[in-house]
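Chemist: I need the structure of the sequence given here:
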Amino acid sequence: MAHRTVLTKRQRDTLFDLPTDRASLEYHYTLADDDIAYIKTRRRAQNQIGFALQLCALRYPGRLLKPGEVIPEAVSNYIAAQLGLKPEDLLPYAVRDVTRREHLGALRKIYGYKPFAGKRAKQMQSWLGQQAEAAETGEGLVRVFVEECRNRQIILPGITTIERLCADALVAAERRIEGRIAARLDSRMRRRLNDLLGAAENGWQSVFLWLRGFEVGKNTADMNRLLDRVDALKAIELSPDVLNDIPPHRIKILRRQGERYFTGGLQDISGNRRLAILATCVVEWSASIADTVVDTHDRIVVKMWREAKKLSTLHFEQAQADIANTLVGFQSLGTTLLMARGDEAALRGAVDASCSWDGLETLVAMATQLIKPAMAEPMDHIEKAIHCFKLYGKRMLRALDIRGATVAQPLLDAATVIREDADIPTKSRAFLPARSKWDKQLRKPETNEQRLWIVAVMCRLQEAFRSNDIWLDHARRYADDRKVLVPLEAAKTMPGLDLPLDPEVWLEDRKHRLQVGLERLAEAVRDGTLPNGLIEAGELRIERLKADVPAEAADLVLDLYRRLPPAKITDILQDVAEATGFTDAFTHLRTGAPCKDIIGLLTVLLGEGLNVGLSKMAAATADHEYSQLSRLSRWHVESDAINEALAIVLDAQSRLPMAQYWGSGQTSSSDGQFFPTTRQGEAMNLINAKYDTHVPGLKAYAHVSDLYGPYWINSIPATVNEAPYILDGLCLSEIGKKIKEHYADTGGFTDLVFAACALLGYRFIPRIRDLKSKRFYVFDRKSVPKELKCLVGGKVREQTFIDNWGDVLRCTATMRSGKVPPSQLLKRLSARPRKNDLAIAMREIGQIERTLFIIEWTLDMDMQRRSTVGLNKGEAHHALKNALWIGRRGEIRDRTTESQHFRLACLNLLTAIIIFWNTDQIGKAILQRQSEGLDTPEHLLRHISPLGWEHILLIGQYIWREMRHKIA
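Modeler: Here you go, the predicted structure:
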């Protein structure tokens, strides 16, 4: 059976070295009274301290001391101090090997420690085999093995033995899973899967490679290419049940392997493994492509509406001159008639004097003709979308297994009419919302009812998919919410979900807090002590805060950065890799082995983070060719590994002395940064007028902690609202889960985000746009102080969220669990019609939380200042990232969302590496100033930012020095 390298040297040291930090020594090496009594039975001082040291090593890390092993000074000092001995007493210990053996025998007899041998070894091997399928990494499996040995008081075998056992268990688990999947495939299905490696119709690639080359499209041609793949996958007739009871992370690994192998590589591997990869890819791609079809339909509909709006605007602009001339004519006629008012003879001649009766007829005819363009709406032109929908609509409805809630049944019936090519029942409009503009348009005499009916159905399908009123049987993003939400019983017992099971308890707490807040605010208004604000003409106004950065802080910043040594970006990456070991995160996707080519790995990360690309990076360095970098990128660098590496760097940065001046790591902010793209790929036609009306692009929505650590990044379309993505960084990252207070820009000021943050235990503090238009929502209007009655906008419907509290708990637990991204749930809730009970309940909760926030914001200037400081830290990241983003004219040229996110994630990691290096160097610069006798006030240090880059050489030839820390 194959043996693999499971751990890096750094990971071995972490697991098996004796601890040296004070907290670990106190936790693991504090001796009890009976321990000391046993130790004191040894006659000589060196034997007492040696016996104690052997006992402590058996307890943690759980191994025997090696002959000649150097004991850390912190360990010997701590143990000697408890025994009243000197650390030097350890030096003559165990000159005779028999003494060590005698002590080991005594320890085993007294404490029950057992060797890893015989029956116990076989039991642990069997236990290890059971754990291997659930283990996500080799290091994780080693950790649980070591912990289990400690719990069973089994002395750990040698490191190489442990690695071999874990590697063998992982290989065996892989083969069992591959065999389990292959066993569920009959001969016909095996033949069909193997046929995927044959040539596709285009002749230059296999069917397998053709199938995996899908991306969200923008037009009917893209949609039909996707539907070709849907049809090909459905023709295989492979049931998703083939992956039942396979751990999710194993499915992910098999899929990723399939997406990295070329056809020849798949043909060369063993039968069961090849079949397992092919079957997994077919099942997973079927779900992903179905999602992609819906996304493409969504984009086509959005594009159709944009084109209809353009036509409406164009027709109005073309008619503007005629409208102006007609208005001038009527103005002249009207003026003449008004002047002649009261004189019947003059009135009769007024028309002749103004424009003549023939001219009046012309004006009336022109006015009649101009009514349509003047009152035109996009709805008047959306009917033209029928030509687009005819090219794929029927085929899409036949390819997708669409299901829906009861409320969506009329829409499903209408879709069936299109799918079956039946007669269009234009009078059947039950699928349209009440008082719909569609209904009004269908009644217009100039409308082609059949064509507009089809367009209405296709557009309503888009809305229903967004709100999850309809869903797909086998999908990911567009699956049934009822299957996605955590069950109520599981939600009630979920750790970390601090919500009362009784909604009345939550309700009473909010009533009390709201009443106290209103009374405090009213008192401040009466006394004229409202800080930095006032209520005027029924509107609440807050003045902008002034900056509180001391003038001398600028001089300190300049001096500290002058002291930072000039550095090449390559040296910074190597320094941080050696200091933190973040490269340990990039294991081989197939084997789980650590990456041995550290220089190559850093070259890949640098090339992607600078947006240079691997081909140009290979030309700019003498160490690696493009093929080597491509192989490393394909098999070692992927999103999960980048996230793990980022967490390692940020954890190390948070422990640097300088970082303590910036915060506690419990507050953060989030903001979007726009990046232009080329007019190809998934970002095509995603144009946001806020940035540039003619440039397509996407946004990198990043979360930044108060320690300046960029702990999360999402790539999102440039046109979408940022608000739903605020919760992703908080719920899906370990750093985010520790955050207590989060700041966001004005785009996050929505009721749903207020509700979700409050339910999850986050204090949400967004910027407020147009505060004077915001209104309070209260439980009882009569209890509102008279000074604030002008600010009340509505009454909270208590019964709504009391009735739906169970679903609120499920929704909150689902977001907390990370089972689905919170943004996905929030977008569905915001897209749902008003009659959806859960969406209404969440909005009611959000209105309460928003009111409480505005009251506190108004009264608390410190909160306002904290929010400004936090948001400024996040926005300051944009400048550093723009400086690093030097390649390809700053454009993202990747075609797929996954590739775009991958490139932005590398940029985020590179930013974190520079922040770590700057934080460390600034700390050293401060010590240098102090050694020179220069005053460095601590209150100024919180104004120092680690985001400078002028001292860093980013361009040129990338030359690496030899790494001091290597992977064994």
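Chemist: Tell me which helix or strand the residue nearest to residue 894 when sequence neighbours are not counted sits in.
Modeler: Nearest residue to residue 894, sequence neighbours excluded (Cβ to Cβ, 6 or more residues apart in numbering): residue 900, at 4.9 Å. Every C-beta, even on glycine, is put in place using the N, C-alpha and C of the backbone. Assigned by DSSP states H and E, residue 900 belongs to helix 897-931.
Chemist: quick one: which helix or strand includes the closest residue to residue 751 other than its chain neighbours?
Modeler: Closest residue in space to residue 751, ignoring its immediate chain neighbours: residue 846 at 2.9 Å, by Cβ to Cβ, 6+ apart. Applying DSSP H and E as the criterion places residue 846 in helix 837-859.
Chemist: Output that helix as CSV - backbone C-alpha positions only.
Modeler: Written as CSV, here are the backbone C-alpha positions of helix 837-859 (Å, rounded to 0.1, in the frame of the first residue of the first chain):
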residue,chain,number,x,y,z
ASP,A,837,-44.7,34.9,6.0
LEU,A,838,-41.0,34.3,6.8
ALA,A,839,-39.9,37.3,4.7
ILE,A,840,-42.4,39.5,6.4
ALA,A,841,-41.4,38.3,9.9
MET,A,842,-37.7,38.9,9.2
ARG,A,843,-38.6,42.4,7.9
GLU,A,844,-40.6,43.1,11.1
ILE,A,845,-37.6,42.1,13.2
GLY,A,846,-35.3,44.2,11.1
GLN,A,847,-37.6,47.3,11.6
ILE,A,848,-37.3,46.8,15.3
GLU,A,849,-33.5,46.4,15.3
ARG,A,850,-33.1,49.3,12.9
THR,A,851,-35.1,51.6,15.2
LEU,A,852,-33.0,50.5,18.2
PHE,A,853,-29.9,51.2,16.2
ILE,A,854,-30.9,54.7,15.1
ILE,A,855,-31.7,55.6,18.7
GLU,A,856,-28.4,54.4,19.9
TRP,A,857,-26.5,55.9,17.0
THR,A,858,-28.1,59.3,17.7
LEU,A,859,-27.2,59.2,21.4
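Chemist: how distant is that helix from the center of its chain?
Modeler: Helix 837-859 sits 24 Å away from the centroid of its parent chain (Cα atoms, centre = their mean, to the nearest Å).
Chemist: Give me the buried positions along it.
Modeler: Of the residues in helix 837-859, 838-859 count as buried by neighbour count, 16 or more other Cβ atoms under 10 Å.
Chemist: so residue 234 touches residue 399, yeah?
Modeler: Yes: with contact defined as Cβ atoms under 8 Å, residue 234 reaches residue 399; the gap is 7.2 Å.
Chemist: More neighbours: which of the two?
Modeler: Using other Cβ atoms under 10 Å, the more surrounded residue of residue 234 and residue 399 is residue 399, with 21 against 12.
Chemist: residues contacting the more buried one?
Modeler: Going by Cβ atoms under 8 Å, 6 or more residues apart in numbering, residue 399 touches 227, 230, 231, 234, 293.
Chemist: Show me which of the residues you listed is closest to residue 804.
Modeler: Proximity of the contacts of residue 399 to residue 804 (Cβ to Cβ) peaks at residue 293, which lies at 32.2 Å.
Chemist: Which positions in the helix holding residue 900 come out as buried?
Modeler: The neighbour-count check on helix 897-931 (16+ other Cβ under 10 Å) flags 897, 899-923, 925-926, 929 as buried.
Chemist: helices or strands next to it in the packing?
Modeler: Where contact means 3 or more Cβ pairs under 8 Å, 6 or more residues apart in numbering; DSSP states H and E, helix 897-931 is packed against helix 552-563, helix 569-580, helix 598-609, helix 639-654, strand 697-705, strand 710-717, helix 861-884.
Chemist: now the angle between strand 697-705 and it, please.
Modeler: 40 degrees (axes from the mean of the first three to the mean of the last three Cα atoms, to 10 degrees).
Chemist: Can you show me the CA trace of the following helix or strand past helix 897-931 as CSV?
Modeler: For helix 897-931, the following helix or strand on the C-terminal side (DSSP H and E) is helix 938-941. Output in CSV follows, covering the C-alpha atoms of helix 938-941 (Å, rounded to 0.1, in the frame of the first residue of the first chain):
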residue,chain,number,x,y,z
GLU,A,938,1.4,55.0,22.8
HIS,A,939,-1.8,57.0,22.1
LEU,A,940,-0.4,57.8,18.6
LEU,A,941,0.4,54.2,17.7
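Chemist: In terms of secondary structure, what does helix 938-941 contact?
Modeler: Contacts defined by 3+ Cβ pairs under 8 Å, 6+ apart place helix 938-941 against helix 552-563.
Chemist: how much does the helix it packs on deviate in direction from helix 897-931?
Modeler: 100 degrees.
Chemist: Can you give me the buried ones in helix 552-563?
Modeler: Under the neighbour-count criterion of 16+ other Cβ under 10 Å, helix 552-563 has 553, 556, 557, 560, 561 buried.
Chemist: Tell me the one of the residues you listed nearest residue 518?
Modeler: The closest of the buried residues of helix 552-563, once distances to residue 518 are taken by Cβ to Cβ, is residue 553, at 39.0 Å.
Chemist: Show the model's pLDDT score for the closest one.
Modeler: On pLDDT, residue 553 comes in at 89.
Chemist: quick one: the strands in the protein?
Modeler: All strands of the chain, identified by DSSP state E, fall at 402-404, 470-472, 533-536, 539-542, 567-568, 667-676, 697-705, 710-717, 741-744, 763-766, 776-778, 792-795, 952-953.
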